[in-house]
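[1] Mind looking at a prediction? Sequence and model below.
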Amino acid sequence: MRALADARTYVVLATVQADGSPRMTVLWVDRDEDELLLSTARGRAKERDIARDPRVGLMFLDQDDPYSYVEVRGTATLTEQGGRELIDRLSLKYTGDIYRWDDPGEVRLVIRVVADRVLTVG
């Protein structure tokens, strides 16, 4: 998981919608030790889902071997602290430039995921 999180691996974040169905989103990922860091903006569906039900799943697909993956099940928290810095750090990692696509005044959030279970396949 650490190696995939440190690389430019895209992850799929699964959250639980209000009706109990899953919502899946492709995101950039970073980490702080064993905690996974994702970014979203205030008011997006991911924020609403996590605020209501913090259970999440993440899937890392190894770009070199699509039959190898890491599944993380865990609990997410949301904070504004470090939100702008995280999206810029992620954008540098994935695109080589700082993030320039937010609307004026948009507030960035950090989604911090603590793993309850990590499953490695392949």
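    That came through fine.
[2] Against which helices or strands is the top helix by length along the chain packed?
    Ranked by residue count and defined by DSSP state H, the top helix of the chain is helix 83-95. Under the contact criterion of 3 or more Cβ pairs under 8 Å, 6 or more residues apart in numbering; DSSP states H and E, helix 83-95 touches strand 30-32, strand 35-41, strand 108-121. Quick note: C-beta positions are derived from backbone N, CA and C, even for glycine.
[3] mind redoing it with 6 Å?
    Contact analysis of helix 83-95 by 3 or more Cβ pairs under 6 Å, 6 or more residues apart in numbering; DSSP states H and E lists strand 35-41, strand 108-121 as its packing neighbours.
[4] Would you mind getting the angle between that helix and strand 108-121?
    Angle between the axes of helix 83-95 and strand 108-121 is 50 degrees (criterion: axes from the mean of the first three to the mean of the last three Cα atoms, to 10 degrees).
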